[in-house]
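1. no sequence on hand, only this structure:
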């Protein structure tokens, strides 16, 4: 019976649930299963006492680290949905323990008293960002590359997983850049408006192969005193990133590039901040998400 119930998790691939909801259920069941292995008890389906024990364990003695109340709430929601789906699909008279009064009161107590302090990184101010663009990067291949990485994360408000996977398709005729119409990143020019960058994001939160996101970068950001189109095209002309490859792939040596996507956002941005603000002592409060947060806020 237990095996039949567990198999219903995999049957959700054929269910009408959204991908994000299926992922939530699978994460919740995976964490509950780990609790079952550690405690030596059957957890699927869960009895009321099992569900309550799991919640207490998650915020008090879970190893190697306890969970934040919001994470526990997310996992519990996935486990609750699993029980509802099993009852609907099998017709068995299962009781959803997460909807009982005892477990709901316990979850309310955990939400109110077991919230961990926020570890989110802070956004930069306009003045700090302006100084980083002006003084934070060396006049080298890596410096120009990291400055472009900052621009995509900052002006485009892209998460690092989204910016690192951007690809570009183009060809050079002399000093003129011709972008392929299928290029995920390209400069759009029109006689009636200033040029701008159009990027098609295919990997980000709430982005799927069927639901991509279009991001537009203006030619000029006056508050930062930067020109996005010039920054991109100067980098392409000078460094020649591989057409069809990752635009932000890390440069190697005098003309080479890594074949993998760039992943060093955090260290690059923190070094740029320290270089542009040598007397500052708060670099630890900034991270790879600070660039996106700064423009968004």
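-> Yep, that arrived. What you see is a predicted model, and the numbers here were worked out from it, not measured in a lab.

2. quick one, what contacts residue 48?
-> Contacts for residue 48 (C-beta atoms under 8 Å, 6 or more residues apart in numbering) come out as 95, 97, 100, 102, 103. In short, each C-beta sits where N, CA and C put it, glycine included.

3. for the third one, which non-adjacent residue is closest in space?
-> Translated: residue 100. Once flanking residues are discounted, residue 100 sits nearest to residue 48: 5.2 Å by C-beta to C-beta, 6 or more residues apart in numbering.

4. surely residue 135 touches residue 274?
-> No - at 10.8 Å, residue 135 does not count as touching residue 274 under the criterion of C-beta atoms under 8 Å.

5. so these two - more neighbours on which side?
-> More crowded of residue 135 and residue 274, by other C-beta atoms under 10 Å: residue 274, with 15 against 12.

6. not counting its neighbours along the chain, what's nearest the more buried one?
-> In space, residue 274 is closest to residue 283, 5.2 Å off (C-beta to C-beta, 6+ apart).

7. any idea how far the one you found is from residue 138?
-> Counting by C-beta to C-beta, to the nearest Å, the gap from residue 283 to residue 138 is 17 Å.

8. spell out the secondary structure type for residue 177.
-> strand (DSSP: H, G, I helix; E, B strand; the rest coil).

9. who's it bridged to?
-> residue 172 (DSSP bridges).

10. could you check how far residue 296 is from residue 83?
-> For residue 296, the distance to residue 83 equals 37 Å [C-beta to C-beta].

11. what of residue 106?
-> Residue 106 is 16 Å from residue 83, by C-beta to C-beta.

12. which of these two has more neighbours?
-> Ranked by neighbour count (other C-beta under 10 Å), residue 106 and residue 83 place residue 83 first, with 20 against 17.

13. report the separation between the more buried one and residue 272.
-> Separation of residue 83 from residue 272 (C-beta to C-beta): 49 Å.

14. thought residue 245 was touching residue 167, still the case?
-> Yes - taking C-beta under 8 Å as the definition, residue 167 is a contact partner of residue 245 at 6.4 Å.

15. and those two? Which one has more around it.
-> Neighbour count, other C-beta under 10 Å: between residue 167 and residue 245, residue 167 has more, with 21 against 16.

16. picking up where we left off before, next up, the contacts around the residue nearest to residue 274.
-> Applying C-beta under 8 Å, 6+ apart to residue 283 gives the contacts 270, 273, 274, 277.

17. and the helices in the protein?
-> Using DSSP state H, the helices of the chain run over 2-11, 19-39, 48-60, 69-90, 101-113, 126-135, 141-154, 160-163, 228-239, 265-276, 290-296.

18. TSV for these, including mean pLDDT?
-> Below are the helices of the chain laid out as TSV (pLDDT from 0 to 100):
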stretch	mean pLDDT
helix 2-11	54
helix 19-39	85
helix 48-60	93
helix 69-90	89
helix 101-113	92
helix 126-135	92
helix 141-154	94
helix 160-163	88
helix 228-239	96
helix 265-276	91
helix 290-296	79
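
19. export those helices to CSV and append columns for distance to residue 180.
-> Formatted as CSV, the helices of the chain follow (distance: least, C-beta to C-beta, whole Å):
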stretch, distance to residue 180
helix 2-11, 40
helix 19-39, 30
helix 48-60, 50
helix 69-90, 41
helix 101-113, 50
helix 126-135, 29
helix 141-154, 19
helix 160-163, 20
helix 228-239, 13
helix 265-276, 26
helix 290-296, 27
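
20. of all the ones you listed, which one comes closest to residue 187?
-> Ranking these by distance to residue 187, with C-beta to C-beta as the measure, places helix 228-239 first at 5.6 Å.

21. by contact count, what packs against the closest one?
-> Helices and strands touching helix 228-239, by 3 or more C-beta pairs under 8 Å, 6 or more residues apart in numbering; DSSP states H and E, are helix 141-154, strand 176-179, strand 185-190, strand 193-201, strand 213-217.

22. so for residue 253, which of the ones you listed sits nearest?
-> Closest to residue 253 of these is helix 141-154 (C-beta to C-beta; 8.4 Å).

23. ok, now how distant is the residue nearest to residue 100 from residue 106?
-> Taken as C-beta to C-beta, the span from residue 48 to residue 106 is 10 Å.

24. and stretch 150-162, how far apart are its ends?
-> Distance across stretch 150-162, first residue to last, is 13 Å (C-alpha to C-alpha, to the nearest Å).

25. count the neighbours of the nearest residue in space to residue 115 that is not next to it in sequence for me.
-> Closest residue to residue 115 apart from its sequence neighbours, by C-beta to C-beta, 6+ apart: residue 69 at 4.9 Å. Residues near residue 69, counting by other C-beta under 10 Å, number 20.
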